[in-house]
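Undergrad: Got a predicted structure plus its sequence, pasted below:
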Amino acid sequence: MCTCITYDNGDFYFGRNLDLDCSFGEKVVITPRNFPLDFRLAGRKEQHYAMIGMASAVSRFPLYAEAVNEKGLCMAGLNFPGNAYYQKPEGQGMELASFEIIAWILGNYSTVAEVKNDLEKMKIVDIAFSEKMPPAPLHWMLADREQCLVLEAVQEGLKIYENPFGVLTNNPPFEYHRLNMNNYMNLSAKSPENRFCDKLSLKPYAQGMGAAGLPGDASSASRFVRAAFLKWNSVSPQDEKSNVSQFFHILDGVSMVRGSVITEAGTYDITTYSCCINTRTGAYYYKTYDDSRIRKVEMQETDLEGAELITVF
Ligand SMILES: C[C@H](CCC(=O)NCCS(=O)(=O)O)[C@H]1CC[C@H]2[C@@H]3[C@H](O)C[C@@H]4C[C@H](O)CC[C@]4(C)[C@H]3C[C@H](O)[C@]12C
């Protein structure tokens, strides 16, 4: 399970919890502007926008789980098993493998508005990165300061949704989460008033009762609502330190504690890492399950004109 959020408070931030039962070889990876990106069917891109994010650093191609580019456009992939459907490649048009989509969009576009026109032409095709790395069933959140979209490649084709919540989790499809949010509109950060019945004397006896009924479990539907509640009620000073700290507190509210989520295979899903990106400066902050110190990698401090991937251990 995973949870991805945006946060707008002075600067604009984007990040996620990555919940999984194992590591995928993740490292913070910076792709500078002149690192050639070889797309399987869409050709070679010698120059593109620089980007930073968490990627599986096993190859010459940056396999991002999430990233932001130097223009502040950001994107994350989240599990979508049973619903993601990648089409057969036909060798024409804008055909991209699922593992290429983040690098392609962030490499080529500077805003959501700009990429939106081309999204309808894009086809996500069923190509494996390698024999050992089959396509991951994903859906994506794509955002900048102005707009947030969800992309879902399903049997009927690529669905594009406006996402007013700035939150994404996993199954079921986004339309379910959008409708489900209406079930919680009564929740409040404020102390509740008795609306049950004026003939009964019901009173709050503790803090936090305005949100009684906020789902507390780790399911995707529950994390969606909880992340949205925490994010939309969040109050924080607008300086960088406070914003980053607040962002991680929101993610902590939907994180997985080892042992509380056991997969069908008998393994433990945990929040392997959490990250927060300042989309204006390209500063990438992260912490891991076993080390809650927040680390920072600055994209702007590296040579963005470079031609080699920069992997930060
Ligand atoms: C598992 C990750 C998503 C986390 C998530 O949503 N977990 C939910 C679990 S559950 O459904 O609720 O059980 C996804 C996000 C990005 C994915 C990776 C990226 O797509 C990059 C490559 C793509 C290759 O095809 C497969 C390996 C891989 C390195 C992927 C491994 C894995 O599928 C990742 C890491």
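TA: Thanks, I have the structure now.
Undergrad: hey, let's count contacts and neighbours off CA atoms from now on
TA: Noted.
Undergrad: residues from this protein in reach of the ligand?
TA: Residues of the chain lying close to the ligand (CA under 6 Å from any ligand atom) are 1-2, 18-20, 24, 56, 63-65, 77-79, 99, 128-129, 133-136, 170.
Undergrad: what about 8 Å?
TA: Residues of the chain lying close to the ligand by CA under 8 Å from any ligand atom are 1-3, 18-20, 24-26, 55-56, 63-66, 76-81, 98-99, 128-130, 133-138, 169-171, 219-220, 263, 269.
Undergrad: out of these, which are buried?
TA: Listed as buried from these are 1-3, 18-20, 26, 55-56, 63-66, 76-80, 98-99, 129, 135-138, 169-171, 219-220, 269; burial here means 16 or more other CA atoms under 10 Å.
Undergrad: And what about the residue of the chain most remote from its centre, helix, strand or coil?
TA: Centroid-distance maximum for the chain: K199 at 46.7 Å, with CA atoms, centre = their mean. Classification of K199 by DSSP: H, G, I helix; E, B strand; the rest coil places it in coil.
Undergrad: contacts for stretch 240-252?
TA: Applying CA atoms under 8 Å, 6 or more residues apart in numbering, the external contacts of stretch 240-252 come out as 3, 7, 9, 11, 16-17, 227, 230-231, 234, 236-237, 274-276, 285.
Undergrad: one step back: now, which of the buried ones among the residues of the chain next to the ligand lie within strands?
TA: Members of those lying in strands (criterion: DSSP state E): 2-3, 18-20, 26, 55-56, 63-66, 76-79, 138.
Undergrad: wait, doesn't N108 sit right on Y49?
TA: Yes. Contact criterion CA atoms under 8 Å: N108 and Y49 qualify, at 6.5 Å.
Undergrad: Comparing the two, which residue is more hemmed in?
TA: Y49 (23 against 16; other CA atoms under 10 Å).
Undergrad: circling back to that earlier point, look at the residue farthest from the centre of the chain and report its pLDDT.
TA: According to the prediction, K199 has pLDDT 97.
Undergrad: Got phi/psi on it?
TA: When read as degrees, to the nearest 10, the backbone of K199 gives phi -90, psi -10.
Undergrad: repeat for E301
TA: Main-chain dihedrals, E301, degrees, to the nearest 10: phi -90, psi 0.
Undergrad: picking up where we left off before, please flag which of the contacts of stretch 240-252 sit within helices.
TA: Among those, the members falling in helices are 227, 230-231 (criterion: DSSP state H).
Undergrad: Narrow these to those that are buried.
TA: Members of those classed as buried by 16+ other CA under 10 Å are 227, 230-231.
Undergrad: would you list those residues in a markdown table and tack on pLDDT?
TA: As requested, those are exported to a markdown table (pLDDT from 0 to 100):
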| residue | pLDDT |
| --- | --- |
| A227 | 98 |
| L230 | 98 |
| K231 | 98 |
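Undergrad: Kindly reformat the residues you listed as JSON lines containing distance to A211.
TA: What follows is those, written out as JSON lines (distance: CA to CA, whole Å):
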{"residue": "A227", "distance to A211": "13"}
{"residue": "L230", "distance to A211": "11"}
{"residue": "K231", "distance to A211": "14"}
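Undergrad: Closest to the ligand out of the residues you listed?
TA: A227 (14.8 Å; CA to the nearest ligand atom).
Undergrad: which residue ranges form the helices in the stretch 1-150 of the chain?
TA: Remark: helices assigned in the stretch 1-150 of the chain by DSSP state H, counting those that start in this stretch are 101-108, 112-119.
Undergrad: quick one, which of these is nearest to E305?
TA: E305 lies closest, by CA to CA, to one member of the helices of the stretch 1-150 of the chain: helix 101-108, at 13.5 Å.
Undergrad: Give the full set of residues in contact with whichever residue of the stretch 151-300 of the chain sits closest to the ligand.
TA: Per CA to the nearest ligand atom, N170 is where the stretch 151-300 of the chain lies closest to the ligand, at 5.9 Å. When contacts are counted by CA under 8 Å, 6+ apart, N170 is found next to 1-3, 78-80, 139, 220-221.
Undergrad: 6 Å instead?
TA: Residues in contact with N170 (CA atoms under 6 Å, 6 or more residues apart in numbering) are 79-80, 220.
Undergrad: Show me what counts as buried in the helix or strand that contains L151.
TA: Applying DSSP states H and E as the criterion places L151 in strand 148-154. Of the residues in strand 148-154, 148-154 count as buried by neighbour count, 16+ other CA under 10 Å.
Undergrad: Those residues into TSV, with extra columns for pLDDT?
TA: Shown next, in TSV, are the buried residues of strand 148-154 (pLDDT from 0 to 100):
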residue	pLDDT
C148	98
L149	98
V150	98
L151	98
E152	98
A153	98
V154	97
